[in-house]
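**Student:** Need a 3D model of the sequence below.
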Amino acid sequence: MASPTIIRSIAEIADAYSALIVDQWGVLHDGVNPYPFAIPTLQALAKMGKRVLLLTNTAKSGEENALILQGMGIDRCLFERVISAGDDARQAIFKSPDPFYRQLGSRCLPLSRPIDRRLAEGPGVTLVDDVSKADWLFLLSAEPPEFSLDTWKPVLDAALKRKLPMVCGNPDFHRVCPDGSIVEAPGQVARYYQEAGGTVRIHGKPQKSIYDTALAHFELPPDKILAVGDSIPHDIAGAATRDIDSLLITSGVHKNDLNRSDTTPIDATVVDFVCQTFGVVPKYVTRQFDWKPSQEPFSA
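**Tutor:** Alright, predicted model coming up:
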C-alpha cells in the first residue's frame, strides 16, 4: 500500500484536476462557523475555473445544507451543488424498486434530535414514537449525551428482538464541534445495530451510489476529480470505490491521531500507520483546506 504525499496546500495540486468533491463538516466549517481559510480557498478554486461539489453525510437535504452554508458566509457561487446522505436515503426509500425499501412498511421510528424528526417525513410514512409500533427505524442525527448510542440502546435492543430493519441517513462515526472536541455521530448507532445482527442499509459516504450521483453531475472521468475530506473510512474510502484521487485533511475527525499539535509538522510515519489501519490510503495529505502553504509540511 503506497504512502500518501504530504503537501503544504491544495494549490500545489489544483492544476491536475478539473473538479473537486469536498466534504463540509471538519473541512469547511465546525458546524457553526467557517474555518478562516475555507472561503479564500474556494474563491481561489473558482478563480481557476475549478468546479466544486459538496458531498456531506448529514441527513438534511442538499438544499437545506446549501442554505446553512450561505448563512455562514459560504456563497452559493463557490459550489455547484450539495449532495447529502439524507437525500440519497430518501431517494431510495421513496423511489427505489429494491424490495428492501418497498417492504419497509409505513410506520417509521426516527432516531434523531427532535428538530430532525421532520427529515423522516414523506409519502406513505407515518412517524411513531414507540418501537413496539414501528415497522422500521430511520437513523438521522445524534446529539450526545441526550440523543446517542447509550440512550438509544434499549430502543435498539427492542428493535433487534423484533427484527426491524434500519435505514441510516448519516453514517459518520464522529464530528468536530466548535470548541474543537470530537463527539459521537449517528454512524456509531448504525454500527452497533449491524454488529448485533440487525439489518442496516447505509447511505452516504463511503457507499458507491452517492459517488455515482457526483460523477453523473460532473460528467467527467474520475481521474479529473479530487475528493477532499477529513474522514478516512468515509471520504477517503468512498473516493477509492470509484477510483477518485483523494486529499485527507488531518485537522478534522482524526486530528487526535494524526496531529501532535496545531503547530508541529505532520508525521509521515503516523499518517501511514493510521491510514493502513483502515485499509485505505489517500493520494495526498495536508493539515487543512488552505490555499496558502503552511510551514514545514511533514516530518519523516
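
**Student:** buried stuff in whichever helix in the chain runs longest?
**Tutor:** With secondary structure taken from DSSP state H, the chain has its longest helix at helix 149-161. Of the residues in helix 149-161, those scored as buried under the neighbour-count criterion (16 or more other CB atoms under 10 Å) are 149, 152, 155-156, 159-160. All C-beta atoms are positioned from the backbone trio N, CA, C, and that covers glycine.

**Student:** now stretch 209-221
**Tutor:** Using 16+ other CB under 10 Å as the test for burial, stretch 209-221 gives 210-211, 213-215, 218.

**Student:** These into TSV, with extra columns for distance to Thr250 and secondary structure?
**Tutor:** Output for the buried residues of stretch 209-221, formatted as TSV (distance: CB to CB, whole Å; DSSP: H, G, I helix; E, B strand; the rest coil):
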residue	distance to Thr250	secondary structure
Ile210	23	helix
Tyr211	22	helix
Thr213	27	helix
Ala214	23	helix
Leu215	26	helix
Phe218	26	helix
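
**Student:** and stretch 119-129, C-alpha only, in CSV?
**Tutor:** Presented in CSV, the C-alpha positions along stretch 119-129 are these (Å, rounded to 0.1, in the frame of the first residue of the first chain):
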residue,chain,number,x,y,z
LEU,A,119,-36.5,14.6,7.8
ALA,A,120,-38.2,11.2,8.0
GLU,A,121,-41.5,12.5,6.6
GLY,A,122,-42.6,11.5,3.2
PRO,A,123,-45.4,9.9,1.1
GLY,A,124,-46.9,6.9,2.9
VAL,A,125,-44.8,7.3,6.0
THR,A,126,-46.3,7.6,9.5
LEU,A,127,-43.9,8.7,12.2
VAL,A,128,-44.2,6.8,15.5
ASP,A,129,-42.6,7.3,18.9
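
**Student:** farthest pair in the buried residues of stretch 209-221?
**Tutor:** For the buried residues of stretch 209-221, the maximum inter-member distance is 13.4 Å, found between Ile210 and Phe218 (CB to CB).

**Student:** Neighbours of Arg81, how many?
**Tutor:** Here the count is done by other CB atoms under 10 Å, and Arg81 has 18 residues near it.

**Student:** Quick check on the residue nearest the centre of the chain: phi, psi?
**Tutor:** Ranked by distance to the mean C-alpha position of the chain (CA atoms, centre = their mean), the top residue is Asn57 at 3.5 Å. Asn57 adopts backbone torsions of phi -90, psi 20, taken as degrees, to the nearest 10.

**Student:** how much space between it and Leu109?
**Tutor:** With distances defined as CB to CB, to the nearest Å, the gap from Asn57 to Leu109 amounts to 21 Å.

**Student:** Next: Ile244.
**Tutor:** In this structure, Ile244 lies at 35 Å from Leu109, with CB to CB as the measure.

**Student:** got a list of what the residue nearest to the centre of the chain touches?
**Tutor:** Under the criterion of CB atoms under 8 Å, 6 or more residues apart in numbering, the contact list for Asn57 reads 25, 84-85, 170-172, 187, 204-205, 234.

**Student:** Poorly predicted segments of the chain, please.
**Tutor:** Counting by pLDDT under 70, the chain has low-confidence residues at 1, 259-263, 294-300.
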